[in-house]
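> The following comprises the amino acid sequence and a computationally predicted model.
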Amino acid sequence: MKLLPGIQYKALRRLKAAVWLYFLLVIFEGALRKWVLPGLSDPLLIIRDPIAVYIILAARAKGLYAFNPYSFWMVLVTCIAMVTAVTMGHGNVFVALFGARVFLIHFPLMFAIGRILDADDLVQIGRVTLGIAIPATLLIIMQFYSPQSAFVNRGVGGDAGGAGFSGALGYYRPPGFFSFTNGNSLYYGFLAACIFYFWFHAYLINRLLLITATVCLLLAIPFSISRTLLFEIALSLSFMIIALLRKPGYVKRIAAGAALVGAAWILLKDMRFFGEGMNVFIARFESANETEGGLHGVFFDRFAGGMISALQNAPNIPFFGYGIGMGTNAGAVLLSGDRQFLIAEEEWGRIIGELGLLPGFIIIFIRVSLSISLLKRCIKELRKGNTLPWMLFSFAFINIWQGNWAQPTSLGFAMLAGGMILAAFNDSLPEEVTLFESADEETACMPVIEA
């Protein structure tokens, strides 16, 4: 554990433990709401909020967090938006508070995490993420083949109607541990970034775990019935290829990983259970592409986040919008009694609809400028040989740029990934001392991360 000047060991340990708790709740919050404590599903929706507040306040007290321009402008615009929402918008204080917590609590948390964690913590989080892949993948396969009335498919609050979402050929998209199916795409997208990083630095992880997690990632593609998951993996793969161009020495071990994936594919494709999953995934892919106008329509809809339509609709929106929080599902329930999209499903359209054109554009500009700033720093670190922030950015980029922060799981993954990137800038891993690539080297010791 890396100690910073003036920070007591126990205090830093508590902060790290709080970040770990936040991380675990991002993944398992849905399981708590569906199976463990279904009667408390509503308050569990914001279970991470007090943890985030504690981390920010404790980190600030220890000198680990200070306001930066991103946080300053985000908080300023949000405070103005709260006032205008209550006085000129929807008029519900609780809806305004629910919407504002995203920018007042969770956004600053990203920068606090970046100061609290070190390289050792990032590697440990990556290892745990790979370990979770085994039960997570078994669960989505069970959910895929089970009826919506089965216990594994219970919805939030113990809803016996099921948590699956429309898929194809009579099968539903499984939610895994999460309350909604987007959690699966986010988790496996994060997993892909971690797996590709560990193939670069296999000395940091158990080889059997790395191989098993890689196979789990391959299995998740068809059984998730998610095009977004495939896109997330493809994006991380493209980042890995770019990193290979900078580090040709890694080609040998990446080729070994590719050979493993190829062998797993040959083994799985003739298995009936896997073939059924592939048929469903292909059917979903083709039908959705036809509906949305092919890959061109899918790309611009999902990446641009409806920005063009949001700008086109801006003249019809009040100057200060309809009120912060109104575009969230929780806000919709409080205002209308029904879970629906009152403003827009796409993130940028929701932001402009809630806050108005000028305040909404400022929020979007902050997110875009932060994404670009992180990208520039990641490229610098990649040139220095530090691939960790680069691979984490392959997942974080879309989620910070235009991820749906109104949805708690999406918000949690974005803040975690952003904070981990900032931490990777501040504390990089040492160069690999020994490569476990031959029998006579397998007894070599793993290099130690300096405190």
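Everything's here; your move.

> can you pull out the strands in the stretch 151-300 of the chain?
Here the stretch 151-300 of the chain has its strands, by DSSP state E, counting those that start in this stretch, at 165-168, 171-173.

> Let me have those strands in CSV, adding distance to Phe223 and mean neighbour count as columns.
C-beta here means a position set from N, CA and C on the backbone, and glycine is covered the same way. Converted to CSV, the strands of the stretch 151-300 of the chain look like this (distance: least, Cβ to Cβ, whole Å; neighbours: other Cβ atoms under 10 Å):
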stretch, distance to Phe223, mean neighbour count
strand 165-168, 10, 16
strand 171-173, 9, 23
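
> can I get these in JSON lines with distance to Ala18?
Shown next, in JSON lines, are the strands of the stretch 151-300 of the chain (distance: least, Cβ to Cβ, whole Å):
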{"stretch": "strand 165-168", "distance to Ala18": "32"}
{"stretch": "strand 171-173", "distance to Ala18": "33"}
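
> Considering these, which stretch scores lowest in mean pLDDT?
If you rank those by mean pLDDT, strand 165-168 sits at the bottom with a mean of 74.

> and that one, what other elements does it pack with?
Contacts defined by 3 or more Cβ pairs under 8 Å, 6 or more residues apart in numbering; DSSP states H and E place strand 165-168 against strand 171-173, helix 272-292.

> Could you find the closest non-adjacent residue to Arg377?
Phe425 (5.9 Å; Cβ to Cβ, 6 or more residues apart in numbering).

> do the same with Arg339
In this structure, Arg339 finds its nearest non-sequential neighbour in Asn329, 5.1 Å apart by Cβ to Cβ, 6+ apart.

> pretty sure Tyr70 contacts Leu370?
Yes. With contact defined as Cβ atoms under 8 Å, Tyr70 reaches Leu370; the gap is 5.6 Å.

> Now whatever helix or strand Phe393 lives in - C-alpha only, CSV.
Using DSSP states H and E, Phe393 maps to helix 388-402. Output of helix 388-402 as CSV, limited to C-alpha atoms (Å, rounded to 0.1, in the frame of the first residue of the first chain):
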residue,chain,number,x,y,z
LEU,A,388,-2.9,0.3,-17.7
PRO,A,389,-4.6,3.7,-18.1
TRP,A,390,-4.8,3.1,-21.9
MET,A,391,-6.7,-0.2,-21.5
LEU,A,392,-8.9,1.2,-18.8
PHE,A,393,-9.7,4.2,-21.1
SER,A,394,-10.9,1.7,-23.7
PHE,A,395,-13.9,1.1,-21.4
ALA,A,396,-14.2,4.4,-19.7
PHE,A,397,-14.2,6.6,-22.9
ILE,A,398,-17.8,6.0,-24.0
ASN,A,399,-19.1,5.9,-20.5
ILE,A,400,-17.6,9.3,-19.5
TRP,A,401,-18.3,10.9,-22.9
GLN,A,402,-22.0,10.0,-23.1
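
> and that helix, what does it pack onto?
Counting contacts by 3+ Cβ pairs under 8 Å, 6+ apart, helix 388-402 packs against helix 182-200, helix 227-246, helix 294-304, helix 357-383, helix 408-426.

> From the chain's centre, how far out is that helix? Work that out for me.
Centroid separation for helix 388-402 versus its chain: 9 Å, with Cα atoms, centre = their mean, to the nearest Å.

> change the start of the numbering to 320 and stick with it
Renumbered: residue one is now 320, and that last one reads helix 707-721.

> Just want the angle from that helix to helix 501-519.
With axes from the mean of the first three to the mean of the last three Cα atoms, to 10 degrees as the basis, helix 707-721 and helix 501-519 are set at 160 degrees to each other.

> mean confidence for helix 707-721?
The average pLDDT within helix 707-721 is 94.

> what comes up buried for that helix?
Going by neighbour count (16 or more other Cβ atoms under 10 Å), the buried part of helix 707-721 is 707-721.

> Among these, which one sits closest to Arg434?
Closest approach between the buried residues of helix 707-721 and Arg434, by Cβ to Cβ: Pro708, at 14.8 Å.

> so who does the closest one touch?
Pro708 sits next to 693, 696-697, 700-701, 740, 743-744 when contact means Cβ atoms under 8 Å, 6 or more residues apart in numbering.

> Dump those residues to TSV, plus pLDDT and distance to Ile683.
Below are these laid out as TSV (pLDDT from 0 to 100; distance: Cβ to Cβ, whole Å):
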residue	pLDDT	distance to Ile683
Leu693	97	16
Arg696	96	21
Cys697	96	21
Glu700	93	26
Leu701	92	27
Ile740	97	20
Ala743	95	25
Phe744	92	24
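
> what's the strand or helix carrying Pro454 packed up against?
According to DSSP H and E, Pro454 maps onto helix 438-464. Secondary-structure packing of helix 438-464 (3+ Cβ pairs under 8 Å, 6+ apart): helix 328-350, strand 490-492, helix 501-519, helix 526-543, helix 591-611, helix 727-745.

> Next, format these as TSV and append distance to Phe680.
Listed next are the helices and strands packed on helix 438-464 as TSV, based on distance: least, Cβ to Cβ, whole Å:
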stretch	distance to Phe680
helix 328-350	29
strand 490-492	33
helix 501-519	25
helix 526-543	34
helix 591-611	26
helix 727-745	20
